[in-house]
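Participant: structure for this input, please:
(one chain, ligands or ions: 1)
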Amino acid sequence: MKLLKELFENNRQWAEQVERDHPGFFEALSRQQSPDYLWIGCSDSRVPANEIVGMLPGELFVHRNVANVVVQTDFNCLSVLQYAVEVLGVKHIIVCGHYGCGGVKAALTNNRHGLIDNWLSSIKDIYAKHQAQFEQLDEDSRLDRLCELNVIEQVHNVCRTTIVQDAWDRGQELSVHGWIYGIDDGRLRDLNTVVTGKDQLEQIFRFED
Ligand code: CO
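Facilitator: Have a look, this model is predicted:
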């Protein structure tokens with residue numbers, strides 16, 4: 001039986017290093033977490049949330065799924081969002097996609113991949129909505145553009161939840177950002193999509209306060 005000993009050894013070294021750099025770090029964290037940020041990202045192993053923004057445990061509340069999709073019927077994502085906004089009081093929600101996303105790529109094809117094709121179905125909706133724009137692009141640019149548009153769409157989906165709108169109605173300071181990460185250069189790019197209040201949403205998506 002393989003016990004994955006090296007992972008435990010890595011962990012021991014890491015915990016010792018953190019404690020050396022920040023004495024009392026874990027003891028202090030064990031009492032409470034108060035992250036300012038909720039990260040909604042892709043499950044892709046090449047996009048590790050904390051590492052790419054240089055954050056320590058306790059600084060980032062994280063939800064990841066294939067292709068960083070936010071659907072209002074996903075209780076997993078909604079529960080993370082509700083807890084982050086209402087209990088932890090995060091100030092920023094970051095939806096971070098990445099170029100070369102396998103989930104987005106799968107949605108761009110007609111191939112079958114199993115159950116996951118259902119999960120990725122909403123990404124096909126984004127393609128369909130912007131089809132004319134995609135027809136002008138070559139294959140690589142199509143994937144890049146769909147990765148970007150997917151982030152923007154998910155930012156809006158976050159804002160369309162009752163959770164985020166309730167926070168704004170209470171006067172809670174909360175902004176939702178759309179970013180994209182390059183797995184080939186390790187750099188984040190801001191898609192300049194920031195929503196900070198209900199007035200920035202299309203009328204049909206605004207709930208009465
Ligand atoms: Co991905």
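
Participant: which SS state does residue 176 fall under?
Facilitator: At residue 176, secondary structure determined by DSSP: H, G, I helix; E, B strand; the rest coil is strand.

Participant: ranges for the strands of this structure?
Facilitator: Taking DSSP state E, the strands of the chain run over residues 37-42, 60-65, 92-98, 175-181, 188-195.

Participant: note down every partner strand of the first one and its orientation.
Facilitator: When pairing is defined by DSSP bridges, strand 37-42 lines up against strand 60-65 (parallel), strand 92-98 (parallel).

Participant: do the same with the last one
Facilitator: Strands that pair with strand 188-195, judged by DSSP bridges, come out as strand 175-181 (antiparallel).

Participant: of the strands of the chain, which is nearest the ion?
Facilitator: For the ion, the closest of the strands of the chain is strand 37-42, at 3.3 Å, according to Cβ to the ion. Where C-beta positions appear, they are placed from N, C-alpha and C, glycine not excepted.

Participant: centroid residue for the chain?
Facilitator: residue 40 (1.8 Å; Cα atoms, centre = their mean).

Participant: who's in contact with it?
Facilitator: The contact partners of residue 40, taken as Cβ atoms under 8 Å, 6 or more residues apart in numbering, are 63, 64, 68, 70, 77, 80, 93, 94, 95, 96, 154, 158.

Participant: now swap in residue 116 and tell me
Facilitator: Residues in contact with residue 116 (Cβ under 8 Å, 6+ apart) are 66, 103, 106.
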